[in-house]
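A.B. asks: Let me see the structure of the following:
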Amino acid sequence: MNPITILLGLAALGYGLYTAWARRAKPEQFGKLAPMQKAWGEGRGQLLHVVAYTVVPIVVGIVLILSGLAGASFF
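C.D. replies: As a prediction, the model looks like this:
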């Protein structure tokens with residue numbers, strides 16, 4: 001078990017879950033969403049924003065937590 005890797009995973013997972021919650025509760029908080037929608041279009045910009053700031057951190061967090069529990073080290 002590697003506690004540093006697990007902590008990094010928990011931080012990434014927490015960030016992803018926070019952005020998922022904030023997307024519903026405080027959508028005005030996302031300053032990068034409007035420029036992404038302007039550059040990529042309404043639908044694609046929203047999709048890219050969700051993937052980059054919610055899905056990827058959640059997946060990375062889960063992978064890091066499982067890796068840390070298995071003994072792998074991030075550093």
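A.B. asks: any idea how far residue 8 is from residue 15?
C.D. replies: In this view, residue 15 and residue 8 are 11 Å apart by C-beta to C-beta, to the nearest Å. In this view, the C-beta of every residue, glycine as well, is placed from N, C-alpha and C.
A.B. asks: between these two, which one's more packed in?
C.D. replies: Per other C-beta atoms under 10 Å, whichever of residue 15 and residue 8 has more neighbours is residue 8, with 19 against 16.
A.B. asks: Give me the three-state assignment for the more buried one.
C.D. replies: Per DSSP: H, G, I helix; E, B strand; the rest coil, the local secondary structure of residue 8 is helix.
A.B. asks: Confidence-wise, which helix or strand of the protein is lowest on average?
C.D. replies: Using mean pLDDT, DSSP states H and E, the weakest-scoring helix or strand in the chain turns out to be helix 33-40, at a mean of 87.
A.B. asks: tell me what it is packed against?
C.D. replies: helix 42-50 (3 or more C-beta pairs under 8 Å, 6 or more residues apart in numbering; DSSP states H and E).
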